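> Sequence and predicted structure, then a few things I'm wondering about:
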Amino acid sequence: DKAIYIGMLLTVNFPMAYAQSQSAIQPASDQARGISYIWWSMFWVALIVFVAVMILLAWGLWRGKSNNPSQLSYLASRNLVIIAGIAVPLITVICLVGGSLFLGRSLSQQSPDNALEVRVTGWMWWWQIEYLDDNGNTIATTANELHVPVDRPVMLYLESGDVIHSFWVPQLHGKTDLIPGRTNTSWFQVDGPGAFRGQCAEFCGLQHALMGFLVVSEPKAKFDAWLANQQAPAPSPSDSKTLAGQQVFFESGCQQCHTIRGTEARGTAGPDLTHLASRQSIASVTRKNSRAHLGGWVADPNGIKPGAKMPMAQLSPKQLSNLLDYLQSLQ
Ligand code: CUA
């Protein structure tokens, strides 16, 4: 048991490497495509301007050597200043600003009526994700992993529980801030099945950089099955180990901060753990959701994310092992 425990701690300091791209120029939705078009147009315009200036500069230096007064006066002529120095830059800037205003307007339009509605709340330093019914009531709560169907727009209500955060999935949309005391909205529709990494994009304290999340897009049937499972209460302990693990959970006071629906655990300070084992990652996409990483996290959360509010659990190797059995049963 001790060997397992040490093994868990040793694996702790290798951050998980998600293969998912986090690039705004590899768009996977119409919204992100619009943003990437603007990015590319700015890139090409800037490149053309850069090359033109370099050519003119080289030409000027080369011609300047010849000391031919007629050519030098042409370089300094009034028309050149008016056209290349004022008109061209002005038209270029107006086109780029106009394009980006036009795009911003079209992105902030209201989402279609049939959107899936999700409330995302930012906390230091994790994401609470609630699925809403037609009346705005929460039907399922999870953390750090936003599942969406591919055939439907997703409407996000973005809120904060503490400080300002910003919701950003570069492949799906631009950034939208989560501001205490108000609800911002954003919506997107994903092109097809996939997984996309998101990141908090507003400095929010010590672990801002490790405040990541995943968007998982799935075909309708798969998404519906996933949501139905998330709505169900947690599975009850099925053997002596998971039962002992559940006891460790309550004896250690985990229920003061965490909810496990179907049990007495109703804490709200930390992530809902009802279907913890169904998630791909823990600690806001900081670590893969494996037994070893989960063990390392429970044993020393601040070792992975200094400043994390979760206290260190003082457990014997056997208690930790049982607790992990229980947590891993929460499918
Ligand atoms: Cu939350 Cu930065």
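Structure's in. What do you need?

> Without its sequence neighbours, what residue ends up closest to Gln280?
Spatial nearest neighbour of Gln280, excluding adjacent residues (CB to CB, 6 or more residues apart in numbering): Asn289 at 5.8 Å. (C-beta placed from N, C-alpha, C; glycine too.)

> Am I right that that neighbour is in contact with Ala277?
Yes. Assessed by CB atoms under 8 Å, Asn289 is found in contact with Ala277 at 7.2 Å.

> Between these two, which is the more surrounded one?
Neighbours per residue (other CB atoms under 10 Å) separate Asn289 from Ala277, with Asn289 holding more: 21 against 16.

> Retrieve the pLDDT associated with that one.
Looking at Asn289, its pLDDT reads 92.

> need the contact list for it.
276-277, 279-282 (CB atoms under 8 Å, 6 or more residues apart in numbering).

> Give me the phi and psi for Ala228.
phi -60, psi -40 (degrees, to the nearest 10).

> Next: Leu146.
phi -100, psi 110.

> same check, this time on Thr263
According to degrees, to the nearest 10, Thr263 has phi -130, psi -170.

> Next, count neighbours for the residue lying closest to it once chain neighbours are set aside.
With CB to CB, 6+ apart as the criterion, Thr263 has its nearest non-adjacent residue at 6.4 Å, and that residue is Ala234. Other residues within reach of Ala234, judged by other CB under 10 Å, total 22.

> before we move on, what about the one 5 residues further on?
Under the neighbour criterion other CB under 10 Å, Asp239 is assigned a count of 10.

> which strands and helices sit next to the lengthiest helix in the chain?
In the chain, with assignment by DSSP state H, the single longest helix is helix 30-64. The elements that helix 30-64 packs onto, with contact taken as 3 or more CB pairs under 8 Å, 6 or more residues apart in numbering; DSSP states H and E, are helix 69-75, helix 88-107, strand 184-188.

> The second one: which residues count as buried?
Which is helix 88-107. For helix 88-107, burial by neighbour count (16 or more other CB atoms under 10 Å) applies to 100, 103, 107.

> how would you label the residue most central in space within the chain: helix, strand or coil?
For the chain, the residue nearest the mean C-alpha position is Gly198 (1.9 Å; CA atoms, centre = their mean). Following DSSP: H, G, I helix; E, B strand; the rest coil, Gly198 is assigned to strand.

> I'd say it and Val169 touch.
Yes. Assessed by CB under 8 Å, Gly198 is found in contact with Val169 at 3.9 Å.

> Could you tell me which residues touch both of the two?
Counting by CB under 8 Å, 6+ apart, the residues touching both Gly198 and Val169 are Val215.

> Can you show me the helices along the stretch 101-250 of the chain?
Under the criterion DSSP state H, counting those that start in this stretch, helices of the stretch 101-250 of the chain are mapped to 220-231, 240-251.

> Would you convert these into CSV that also reports mean neighbour count and mean pLDDT?
Formatted as CSV, the helices of the stretch 101-250 of the chain follow (neighbours: other CB atoms under 10 Å; pLDDT from 0 to 100):
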stretch, mean neighbour count, mean pLDDT
helix 220-231, 14, 96
helix 240-251, 18, 94
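
> can I get these in TSV with distance to the ligand?
Compiled in TSV, the helices of the stretch 101-250 of the chain are given as follows (distance: least, CB to the nearest ligand atom, whole Å):
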stretch	distance to the ligand
helix 220-231	23
helix 240-251	27
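
> Indicate which one of those is closest to Gln207.
helix 240-251 (24.2 Å; CB to CB).

> starting at the chain centroid, how far to the helix or strand just after that closest one?
The helix or strand immediately downstream of helix 240-251 is strand 281-282, counting by DSSP states H and E. Offset of strand 281-282 from its chain centre (CA atoms, centre = their mean, to the nearest Å): 13 Å.

> Against which helices or strands is strand 281-282 packed?
strand 287-288, helix 291-299.

> And the ones you listed: which comes nearest the ligand?
Of all the helices and strands packed on strand 281-282, strand 287-288 sits nearest to the ligand, with 17.8 Å by CB to the nearest ligand atom.

> Give the pairing partners of that closest one; include direction for each.
Partners of strand 287-288 in the sheet, by DSSP bridges, are strand 281-282 (antiparallel).

> what mean pLDDT would you report for the strand it pairs with?
Computed over strand 281-282, the average pLDDT equals 91.

> What confidence value was assigned to the residue lying closest to Gly270 once chain neighbours are set aside?
Leaving aside its sequence neighbours, Gly270 sits nearest to Cys257 (CB to CB, 6+ apart; 4.0 Å). We have a pLDDT of 95 for Cys257.
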